[in-house]
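A.B. asks: Next comes the sequence, and after it the predicted model I'd like to discuss.
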Amino acid sequence: MNTNNITFPHPILRIGDDSIGSTINPSLPVTTSSPDADFYKTEVTFLHNNDDLLKLINSGKAEYLCEATCTNTVFRQVFTSKTENIVFEIPKKKVKGRVEFTCLLVATEDIENYSNANAHSDYSGYTFDIDKGDILAHFGESYFSADIQYEKLKAVSSFMGIVENETEKYTIIDLKKSKIEIQLPTESYNLYRSGSISQEEKFAPIFHSSIVLNALLIALYNFEEHKDYLWAQVIDYRLQTEPQFKTLSIEDKENIPEIAQRLLGNPFERLLNGLNNVVEIQNEE
């Protein structure tokens, strides 16, 4: 259900709409799952400060609602709550690919002569008859991919991999795979795979601040054209759900270098700390 472009006959509370002038925070469901679990666990938090809507909730005339749908499997289920938190489970066998969420506040019964003290002045002097099921607030829409291993999202390996390319002399960044592929020429790949490099933990910051960061920047600057790929869905989910990205829109190209560094856990700082440790060890010797 996409309500972003729908005009309602009564004022509703939603982001980017001045029909009701109250604070509302986007409700972005957070989905987690362990590898051996048979379900995805999802938690939604609804935040707003509108007194009239809170009174309707407390009196049982309205409730929070999260609708989960998956078009690939024709799955649809609605979860409701009288409190600002909803926690629910979706069986893994019932969904595949993109699972979408719509988060709302809806009337649980007919409400006569509804008005809201924080409504825009255009509604001044008017009241509305609300039918059971009508939307009173829209908290946002989100999704997750059932193909993503959510317990491994923080790992770089969840969206990027290094592979061999036997035909090229230079490194290729391939964005048209399930993961961002860094394709190294055979000679470079063999050096990378040698135990003295790839298995050495202290070299990780060097790779992250050079090869990995460069590949990620290329991917992020071409993000919009590759949204259907799994690596983009993994990154997009992190951008939507992690507080550190709340003020950084990927649509603003100036934010991309900072987004990349945050996704990699500040690789430059880790690189400099690592080099400093090497210097200190050498001085001690």
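C.D. replies: Ah, there it is.

A.B. asks: Going by residue numbers, what spans are strands in the stretch 151-285 of the chain?
C.D. replies: Under the criterion DSSP state E, counting those that start in this stretch, the stretch 151-285 of the chain contains strands at 160-165, 172-174, 180-185.

A.B. asks: starting at the chain centroid, how far to the second one?
C.D. replies: What it means is strand 172-174. Computed by Cα atoms, centre = their mean, to the nearest Å, the chain-centroid distance of strand 172-174 equals 25 Å.

A.B. asks: got it, and the last one?
C.D. replies: For strand 180-185, the distance between its averaged C-alpha position and the chain's averaged C-alpha position is 26 Å (Cα atoms, centre = their mean).

A.B. asks: tell me the angle of it relative to strand 160-165?
C.D. replies: Counting by axes from the mean of the first three to the mean of the last three Cα atoms, to 10 degrees, strand 180-185 points 30 degrees away from the direction of strand 160-165.

A.B. asks: Given strand 180-185, what are its sheet partners and their directions?
C.D. replies: In the sheet, strand 180-185 lines up against strand 160-165 (parallel), strand 172-174 (antiparallel) (DSSP bridges).

A.B. asks: Residue 105: which of these is closest?
C.D. replies: Evaluated over the strands paired with strand 180-185, closeness to residue 105 peaks at strand 160-165, with 39.3 Å, by Cβ to Cβ. C-beta here means a position set from N, CA and C on the backbone, and glycine is covered the same way.

A.B. asks: Give me the buried positions along that closest one.
C.D. replies: Using 16 or more other Cβ atoms under 10 Å as the test for burial, strand 160-165 gives 160, 161, 162, 165.

A.B. asks: per-domain residue ranges of this structure.
C.D. replies: Taking automatic domain parsing as the reference, the chain has its domains at 13-150, 153-284.

A.B. asks: What segments of the stretch 151-285 of the chain are helices?
C.D. replies: Taking DSSP state H, counting those that start in this stretch, the helices of the stretch 151-285 of the chain run over residues 186-193, 195-198, 204-207, 213-221, 230-241, 256-263, 267-284.

A.B. asks: hmm, back to that, could the strands paired with strand 180-185 go into a markdown table alongside mean pLDDT and distance to residue 34?
C.D. replies: Listed next are the strands paired with strand 180-185 as a markdown table, based on pLDDT from 0 to 100; distance: least, Cβ to Cβ, whole Å:
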| stretch | mean pLDDT | distance to residue 34 |
| --- | --- | --- |
| strand 160-165 | 93 | 23 |
| strand 172-174 | 96 | 31 |
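
A.B. asks: which one of those lies closest to residue 266?
C.D. replies: strand 160-165 (17.0 Å).

A.B. asks: Restricting to C-alpha, output the closest one in PDB.
C.D. replies: Only the C-alpha atoms of strand 160-165 are listed here, as PDB (Å, rounded to 0.1, in the frame of the first residue of the first chain):
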ATOM      1  CA  MET A 160      31.400  -7.200  -1.500                       C
ATOM      2  CA  GLY A 161      33.800 -10.000  -2.600                       C
ATOM      3  CA  ILE A 162      37.300 -10.300  -4.200                       C
ATOM      4  CA  VAL A 163      37.600 -12.700  -7.100                       C
ATOM      5  CA  GLU A 164      40.100 -13.600  -9.800                       C
ATOM      6  CA  ASN A 165      39.900 -12.300 -13.400                       C
END
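
A.B. asks: Now do the phi/psi pair for residue 80.
C.D. replies: With angles defined as degrees, to the nearest 10, residue 80 sits at phi -130, psi 160.

A.B. asks: My read is that it contacts residue 67, right?
C.D. replies: No: assessed by Cβ atoms under 8 Å, residue 80 is found out of contact with residue 67, at 9.7 Å.

A.B. asks: coming back round to it: would a markdown table of the strands of the stretch 151-285 of the chain with distance to residue 91 be doable?
C.D. replies: Output for the strands of the stretch 151-285 of the chain, formatted as a markdown table (distance: least, Cβ to Cβ, whole Å):
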| stretch | distance to residue 91 |
| --- | --- |
| strand 160-165 | 30 |
| strand 172-174 | 34 |
| strand 180-185 | 31 |
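
A.B. asks: Fine, thanks again, bye for now.
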